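**Q** Return atomic coordinates for the entry below.
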Amino acid sequence: MQTMTIDQIRSTYPDQWVLIGEPELSEPEINGSIVSKLMSGIVLYASKDKRELGYKAAELRTNIAFTTCIYTGEIPKNKLFLL
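**A** Next up is the predicted model:
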């Protein structure tokens, strides 16, 4: 597994839910949206189905200290996603 930048992740996995291991954040000490601070990470899994990613996440995170999940597409303003 290789580390990818956020731009590489978005172009490789368009409109998908992506589980990222060992995320590198631009300002980790400041609260706020991880998506806006995410610089790079290791793609552990990607899927168009959020539930599928959720089921796989538990088994894929075993040897990874930190993980985060992002959606690489545009989220409509009237839609709320809970993870």
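**Q** buried residues in the helix or strand that contains residue 44?
**A** Per DSSP states H and E, residue 44 falls inside strand 38-47. In terms of neighbour count (16 or more other CB atoms under 10 Å), strand 38-47 has its buried residues at 38, 40-47. (C-beta placed from N, C-alpha, C; glycine too.)
**Q** Please apply the same query to stretch 17-35.
**A** Under 16+ other CB under 10 Å, the buried positions of stretch 17-35 are 17-21, 23-25.
**Q** Out of those, which one has the weakest pLDDT?
**A** In terms of pLDDT, the weakest of the buried residues of stretch 17-35 is residue 25, which scores 90.
**Q** Correct me if wrong: that residue contacts residue 35.
**A** No - using CB atoms under 8 Å, residue 25 is not in contact with residue 35; the gap is 10.2 Å.
**Q** Using PDB, list the CA coordinates for the strand holding residue 44.
**A** Output of strand 38-47 as PDB, limited to C-alpha atoms (Å, rounded to 0.1, in the frame of the first residue of the first chain):
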ATOM      1  CA  LEU A  38      -6.500  16.000   4.700                       C
ATOM      2  CA  MET A  39      -3.300  16.100   2.800                       C
ATOM      3  CA  SER A  40      -2.500  12.400   2.200                       C
ATOM      4  CA  GLY A  41      -3.000   8.900   3.500                       C
ATOM      5  CA  ILE A  42      -3.100   5.200   2.600                       C
ATOM      6  CA  VAL A  43      -6.200   4.000   0.800                       C
ATOM      7  CA  LEU A  44      -7.400   0.900   2.700                       C
ATOM      8  CA  TYR A  45     -10.700   0.500   0.800                       C
ATOM      9  CA  ALA A  46     -13.000   2.400  -1.500                       C
ATOM     10  CA  SER A  47     -16.700   1.700  -2.400                       C
END
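**Q** Perfect, I'm done here.
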